[in-house]
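K.L.:
this one's sequence-less:
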């Protein structure tokens, strides 16, 4: 599973994010998700390994750091919290 998005920092700098990830759930939970139903967060695991690219000098550290994304799937969106691995 992979997805790329372009976003902006709080100061307006462009940041490209490539998320490669894995979602693991029972066949029943996956079927509910594919129908657009809301399922309990604890009923599946959804993790990503994001990579960032930016031309903004103050954010170049993002390109050299390692992150894990913990994601949650809602019927109309995916929310990902990024955590730096030190």
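P.N.:
Good, I have the coordinates. Bear in mind the structure is a predicted one, so any value in this text is a computation, not a measurement.
K.L.:
How many residues are close by residue 4?
P.N.:
The local packing count at residue 4 equals 11, with neighbours defined by other CB atoms under 10 Å. For glycine as for every other residue, the C-beta is placed from the backbone atoms N, C-alpha and C.
K.L.:
Now do it against residue 25, distance only.
P.N.:
23 Å (CB to CB, to the nearest Å).
K.L.:
ditto for residue 37
P.N.:
Distance, residue 37 to residue 25, using CB to CB: 12 Å.
K.L.:
These two: which is more packed in?
P.N.:
Using other CB under 10 Å as the criterion, residue 37 and residue 25 rank with residue 25 on top: 16 against 10.
K.L.:
Is that one bridged to anything, and to what?
P.N.:
residue 44 (DSSP bridges).
K.L.:
residues touching it, list them.
P.N.:
Neighbour list for residue 25: 33, 39, 43, 44, 45 [criterion: CB atoms under 8 Å, 6 or more residues apart in numbering].
K.L.:
got a pLDDT number for it?
P.N.:
Model confidence at residue 25, given as pLDDT, is 97.
K.L.:
again with residue 1
P.N.:
In this model, residue 1 is scored at 62, pLDDT.
K.L.:
doesn't residue 48 make contact with residue 19?
P.N.:
Yes - taking CB atoms under 8 Å as the contact criterion, residue 19 and residue 48 are neighbours in contact, 4.3 Å apart.
K.L.:
and for those two, which residues touch both?
P.N.:
Listed as contacting both residue 19 and residue 48 by CB under 8 Å, 6+ apart are 69, 80.
K.L.:
When the two are compared, which one has more neighbours?
P.N.:
Taking other CB under 10 Å, residue 19 and residue 48 do not tie; residue 48 has more neighbours (24 against 20).
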